[in-house]
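Novice: quick one: sequence plus predicted model below, questions after.
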Protein chains: 2
Amino acid sequence: MNTLSYGLLSMLSYAPFSGYDLMQKIQPFWPAKHSQIYPLLAQLERDGYIQHELVVQPDKPDKKVHSLTDLGREALSQWLSQPACPPVTRDELSLKIFCMNEGDPVDIQRLLEQRVEYCREKLVWFHAKSELFAHKRMDSSPGIVLLMRRALFSFQSELDWAEWALKELRGEG
Amino acid sequence: MNTLSYGLLSMLSYAPFSGYDLMQKIQPFWPAKHSQIYPLLAQLERDGYIQHELVVQPDKPDKKVHSLTDLGREALSQWLSQPACPPVTRDELSLKIFCMNEGDPVDIQRLLEQRVEYCREKLVWFHAKSELFAHKRMDSSPGIVLLMRRALFSFQSELDWAEWALKELRGEG
DNA sequence: AGCATCATGTAATGAGTTACATGATTTT
DNA sequence: AAAATCATGTAACTCATTACATGATGCT
């Protein structure tokens, strides 16, 4: 079973969800399209890790609500006890900065400004989410709190770096 | 042409390299195995972006040393002027932390300790590289300096987070 | 003697994205 | 009238990893 499959089980450890819900919830941690998720859910069910119930909705399309079986829960906690694979990041910006001698310096500055903007948007989003959890007493679990904090740390450090890099390029270092 | 192809051109903008060299150099920025790189190099040559020279080595196996053509250089600077795709990160640890209710709390602590160790190793490596560049006047370019600094920022923030998370879990928050 | 490094490739499989396909409801 | 959201699926394609294949040199 691959990591995305375990990721889906992870989401389902909180509550039963539809494939559509799962797709949206898993995005921040493990990007995946619905075309990848639906077949995996079918497979997980064939293998006995999850089961589903058809929920008829009058206003919206019917949906399949998936939930963990005992076997699924077992598989999850077994997976948790294994070491995690090292993280993989692929960022086109790194490659572009690597060969920045080759092009117009203005291009690189624009790329960094775009990254600054990107990080600011992410930070706004995660701050908003954090406050939702803090004030309105949403279904925040210890895990989600840790992950929120980490996202804030990581986008802040990327932002700091990008702003520092822009200063360097403008000769203000 | 895909991002990895441009990545290879980026590396070659510094100097001619063998496929084997390219594989090692591109790892930190865009992980790729040799089985992916060799076919792409052949394709880049077919399309006129690079050319190669066979270098016979008495002690080691012969190698193909690839270099940019004018067309390749053109393609590179055109690519540099386009906005970069948003970065993609996939980290199994995030998924495991997400569902940490499900398993033994000791498992999660162990995972975080392993991540702390991982970040420390990376930091040591990047600090060593930085000093090499600073003191021995290696072939450091402005791009590499920016990327080094960024790696230091990013692993430090991940380290800080992981240590904070461990304190939280041990109830020292 | 066995393993690591250097060096290049192909084949098979797995993972991930884009496109194809459908259809109701709600918002702009 | 057009676009977005909810909802599920399949097909085609690209991207990435693992395995297969070979072979010299140098280190332990």
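Specialist: Good, I have the coordinates.
Novice: and the helix or strand of chain A with the lowest mean pLDDT with chain B, contact?
Specialist: Using mean pLDDT, DSSP states H and E, helix A:105-136 stands out as the lowest-scoring helix or strand of chain A, at a mean of 92. Yes. With C-beta under 8 Å from any C-beta of the partner chain as the measure, helix A:105-136 is seen reaching chain B through A:107-108, A:110-111, A:114-115, A:118. For glycine as for every other residue, the C-beta is placed from the backbone atoms N, C-alpha and C.
Novice: near DNA strand C, which of those show up?
Specialist: Intersecting the residues of helix A:105-136 next to chain B with the surroundings of DNA strand C, defined as C-beta under 7 Å from any atom of the strand, gives nothing.
Novice: B:Arg73: which of those is nearest?
Specialist: A:Asp107 (14.4 Å; C-beta to C-beta).
Novice: which ones are touching that closest one?
Specialist: For A:Asp107, the residues meeting the contact criterion (C-beta atoms under 8 Å, 6 or more residues apart in numbering or on different chains) are A:100, B:80-81.
Novice: run the last query once more with 7 Å
Specialist: If a contact means C-beta atoms under 7 Å, 6 or more residues apart in numbering or on different chains, then A:Asp107 has B:80-81 as its contacts.
Novice: skipping its backbone neighbours, what lies nearest the residue nearest the centre of chain A in space?
Specialist: Chain A has A:Pro28 as the residue nearest its centroid, 1.6 Å off, counting by C-alpha atoms, centre = their mean. Closest residue to A:Pro28 in three dimensions, ignoring its sequence neighbours and counting by C-beta to C-beta, 6 or more residues apart in numbering or on different chains: A:Ala151, at 7.5 Å.
Novice: likewise A:Pro31?
Specialist: Ranked by C-beta to C-beta, 6+ apart and with sequence neighbours excluded, the top spatial neighbour of A:Pro31 is B:Val88, at 6.1 Å.
Novice: what does A:Lys25 give?
Specialist: The spatially closest residue to A:Lys25, leaving aside those adjacent along the chain, is A:Met11, at 5.2 Å (C-beta to C-beta, 6+ apart).
Novice: only alpha carbons, please: show the strand or helix carrying that neighbour as PDB.
Specialist: Taking DSSP states H and E as the definition, A:Met11 sits inside helix A:3-12. Taking C-alpha atoms only, helix A:3-12 is exported to PDB below (Å, rounded to 0.1, in the frame of the first residue of the first chain):
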ATOM      1  CA  THR A   3       1.600   6.600   1.200                       C
ATOM      2  CA  LEU A   4      -1.400   8.300  -0.300                       C
ATOM      3  CA  SER A   5      -3.500   5.200   0.800                       C
ATOM      4  CA  TYR A   6      -2.300   5.600   4.300                       C
ATOM      5  CA  GLY A   7      -3.000   9.300   4.000                       C
ATOM      6  CA  LEU A   8      -6.600   8.600   3.200                       C
ATOM      7  CA  LEU A   9      -6.900   6.200   6.200                       C
ATOM      8  CA  SER A  10      -5.400   9.000   8.300                       C
ATOM      9  CA  MET A  11      -8.100  11.400   7.300                       C
ATOM     10  CA  LEU A  12     -10.700   8.800   8.000                       C
END
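Novice: and the next helix-or-strand element following that helix, how far out from the chain's middle?
Specialist: On the C-terminal side of helix A:3-12, the closest following helix or strand by DSSP H and E is strand A:17-18. Mean-position distance between strand A:17-18 and its chain equals 17 Å (C-alpha atoms, centre = their mean, to the nearest Å).
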